[in-house]
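> Fold the following and give me the result.
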Amino acid sequence: MDLPRDPDKTITFEMKKMHILVLVVSVLAIFFGAIIASMIHTESIFKITLTNFLLFIVLYIAGIILHECCHLLGFMMWGKASWNDLVYGINRELGVAYAGTKKMIQNHAMKKALLLPFWVTGLLPFIIGIWLNNGVLIVVSAFLIGGAAGDFSMYNQLRKVKNDAYIIDDLEKPQLYVFYEKPDGV
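Alright, predicted model coming up:
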């Protein structure tokens with residue numbers, strides 16, 4: 001990746017640890033969702049059927065796509081990125097879907113864009129699933145909450161950086177480049 005100059009800081013993420021974190025958070029979310037739903041409703045909500053399994057697959061794929069679209073929307077809303085600055089796809093080597101921007105954006109905008117999918121595809125459907133006593137929606141949203149664990153990990157690292165710093169998202173590797181001042185010519 002061509003950078004305007006050497007970054008002041010590089011934040012790198014280890015994908016094996018990230019995958020384990022995603023799984024642990026997902027399982028914990030399912031567990032707590034089931035407990036909360038059982039406290040509110042008297043009827044069991046977790047039924048394993050072919051229909052529920054197929055519904056889970058469809059909703060999970062749609063949720064992943066929506067998750068990445070939320071990142072893109074965040075880059076455009078808060079980072080002032082244009083449509084041409086956005087990149088998205090699937091990194092088969094890392095086993096993740098991704099959304100990023102070629103544009104350098106400020107840290108405060110990057111942090112907002114990182115957390116937007118958690119609220120839209122994770123927490124909101126999780127609460128709705130509990131409210132409606134819908135086990136499939138609880139499980140799908142729990143996995144999407146788990147998927148946002150990586151975003152929270154990035155957010156946590158960016159909290160240690162001043163808000164007006166500039167961030168470049170590496171579009172090939174799981175890392176962020178931090179510039180405390182905007183590089184010349186950018």
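> confidence score at Val186?
Reading off the confidence values, Val186 has pLDDT 68.
> quick one: low-confidence parts of the protein?
By pLDDT under 70, the weakly predicted segments of the chain are 44, 185-186.
> which ones are touching the residue most central in space within it?
Centroid-nearest residue in the chain, with CA atoms, centre = their mean: Ala148, separated by 3.7 Å. Applying CB atoms under 8 Å, 6 or more residues apart in numbering, one finds that Ala148 lies in contact with His67, Leu115, Pro117, Phe118, Thr121, Gly122. C-beta here means a position set from N, CA and C on the backbone, and glycine is covered the same way.
> Show me these that map onto strands.
Within these, no residue falls in strands by DSSP state E.
> State the number of residues packed around Val58.
Using other CB atoms under 10 Å, Val58 has 12 other residues around it.
> same deal with the one 3 residues further on?
Other residues near Ile61 number 12, with proximity taken as other CB under 10 Å.
> for the stretch of helix or strand it belongs to, packing partners?
Using DSSP states H and E, Ile61 sits in helix 50-77. With contacts taken as 3 or more CB pairs under 8 Å, 6 or more residues apart in numbering; DSSP states H and E, helix 50-77 sits against strand 86-91, strand 96-101, helix 107-117, helix 135-147.
> Would you mind getting the angle between the first one and helix 50-77?
This means strand 86-91. 150 degrees (axes from the mean of the first three to the mean of the last three CA atoms, to 10 degrees).
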